[in-house]
Structure formats: C-alpha cells, structure tokens
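>>> sequence and predicted structure below; questions after.
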Amino acid sequence: MSKQITSKHAVIAKRPYEIYMAFTDMRNFVNFLPEDRREGVTADFDSISGTVQGIRLGVKVVSRVPYSEIAFESTESPVNFSFRLHFDDAEGGEATDFHIDLEAQLGSMMGMMIGGKLREAVDKLVDTLADAAQGKFPEGFDPSKYGAGKF
C-alpha cells in the first residue's frame, strides 16, 4: 500500500535558488553531523547513506529541476520510499515556499501504525530546515562546530 503525505508549507526569507543550492549536493548534509555520527556515513553529489539506530538507510537524487524541485528515492532501507523537496517562488521571488511530498510503500497495518507519525516527521523536518535556512538552529547547536556553512 502506498502512503502519500504532503507536508506543511514554510515560507523562507531566501530566494528559491539559494535554498535549492544548499540541498542539491548530498555531501553538504554530512557537514551538519557531529563528528561522532559521521562514521559509516558516505556521501557523494547524488547520494548519502548511513546507519541510524542500527538500520541502514540511504537515498539518492533521481531528478533535479533547477531552483524548484529535487526528487529522491531510497536505496538502502527496509521500506521503499521517495520524496520531493519543492522550492516555489513566494513574495515575488524574494522568498521560497518550501514543502515536501513523501511516498512510502507500507503494508496496511504499518500504514495505520505510523502514517500519522510520518506526517509529524515531515512537518517537523520542514520547520527545522526552514529555521536552519534562516540561521535559527536548535538550542545548543553551533553549526561552526560541525563544519557547516550557512545556507
């Protein structure tokens, strides 16, 4: 059974190309990981994989529409899934309307058990990425300690 979820939208006070460029290279995400979490994580321009709580996960970029959309699909995962990041013009092109579309192949029982949690997760991800793009990080997180640059 396919479960499709569209996240909430967030307007980010940066132009779509600025946000898009931060997400287009998967190696950028490794920079946001603490040093002790980088072991076993591999990334190149199009893909990233690693182990999270004992489960091997990986995604790869399957398409890019410059400055408006990046599509991903799972490569190493117990559940097949895909997602799209959308970077739409907002406020006359001076800001970005950002949201995520997720599709996961779940059995009916699994869909009932975790469907709501998936929606919460993609909404939280939108909030977190929107905040990070505007320089707002969780309390105690110092991006300079992780080799991360600015969005």
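Yes, it's here.
>>> where does pLDDT dip in this structure?
Where the chain drops to pLDDT under 70, the residues are 138, 140-151.
>>> can you pull the phi/psi pair for the residue of the chain positioned farthest from its centre?
What lies farthest from the middle of the chain is M109; by C-alpha atoms, centre = their mean that is 25.7 Å. When read as degrees, to the nearest 10, the backbone of M109 gives phi -70, psi -50.
>>> can you tell me what sits against stretch 7-14?
With C-beta atoms under 8 Å, 6 or more residues apart in numbering as the contact definition, stretch 7-14 has outside contacts at 19, 90-91, 94-102, 119, 122-123, 125-127, 129-130, 133-134, 151. Yep, even glycine has a C-beta here, placed from its N, CA and C like the rest.
>>> span of it from start to end?
By C-alpha to C-alpha, to the nearest Å, the extent of stretch 7-14 from end to end equals 19 Å.
>>> for the protein, what spans make up the helices?
Along the chain, the stretches classed as helices by DSSP state H are 16-23, 27-30, 108-133.
>>> just send those helices back as CSV, with distance to S82 too.
Listed next are the helices of the chain as CSV, based on distance: least, C-beta to C-beta, whole Å:
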stretch, distance to S82
helix 16-23, 15
helix 27-30, 17
helix 108-133, 13
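>>> all set, thanks.
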